[in-house]
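Engineer: kindly generate the corresponding structure for this input.
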Amino acid sequence: MRKGIHPDYGPVVFRDRAANYAFLTRSTMSSDRTIEWEDGHTYPVVDVEISDVSHPFYTGTARVLDTAGRVERFERRYGKA
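Structural biologist: Numbering: from 1, shown residues only. Next up is the predicted model:
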């Protein structure tokens with residue numbers, strides 16, 4: 001890798017405030033805010049809107065759309081081919 005063109009890659013805490021969940025990983029993202037992690041070290045923290053803990057697909061709360069009604073309405077409007 002060429003020197004000086006890549007962002008810093010280091011430990012960052014991502015926090016899902018809606019689900020009260022945080023995890024430590026490595027990333028190129030940075031933040032001015034910090035948090036003290038369970039190991040006693042201080043890491044930058046990035047707040048996210050949604051994570052695997054609060055995402056409807058992973059939690060099983062996803063809604064099923066009425067695709068059959070849409071297809072029938074399309075066929076009524078434009079006719080069957």
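Engineer: every contact and neighbour count from this point should use C-alpha atoms.
Structural biologist: OK.
Engineer: who's in contact with V71?
Structural biologist: By Cα atoms under 8 Å, 6 or more residues apart in numbering, no residues touch V71.
Engineer: can you give me phi and psi for it?
Structural biologist: In terms of degrees, to the nearest 10, the main-chain angles of V71 are phi -70, psi -40.
Engineer: now Y78
Structural biologist: Torsion angles at Y78 (phi, psi; degrees, to the nearest 10) stand at phi -110, psi 0.
Engineer: check for me that F74 belongs to a strand.
Structural biologist: No. With DSSP: H, G, I helix; E, B strand; the rest coil as the criterion, F74 is assigned helix and is not in a strand.
Engineer: for A81, give me the pLDDT.
Structural biologist: You'll see A81 listed with a pLDDT of 62.
Engineer: same question for F14.
Structural biologist: Reported pLDDT at F14 in the predicted model: 95.
Engineer: and it, how many neighbours?
Structural biologist: Number of residues near F14 (other Cα atoms under 10 Å) recorded here: 21.
Engineer: so what's it bridging to?
Structural biologist: F23, V46 (DSSP bridges).
Engineer: wait, it touches V48, no?
Structural biologist: Yes. Assessed by Cα atoms under 8 Å, F14 is found in contact with V48 at 6.7 Å.
Engineer: pull the helix or strand with minimum mean pLDDT from the chain.
Structural biologist: None of the helices or strands of the chain scores lower by mean pLDDT, DSSP states H and E than helix 56-59, at a mean of 61.
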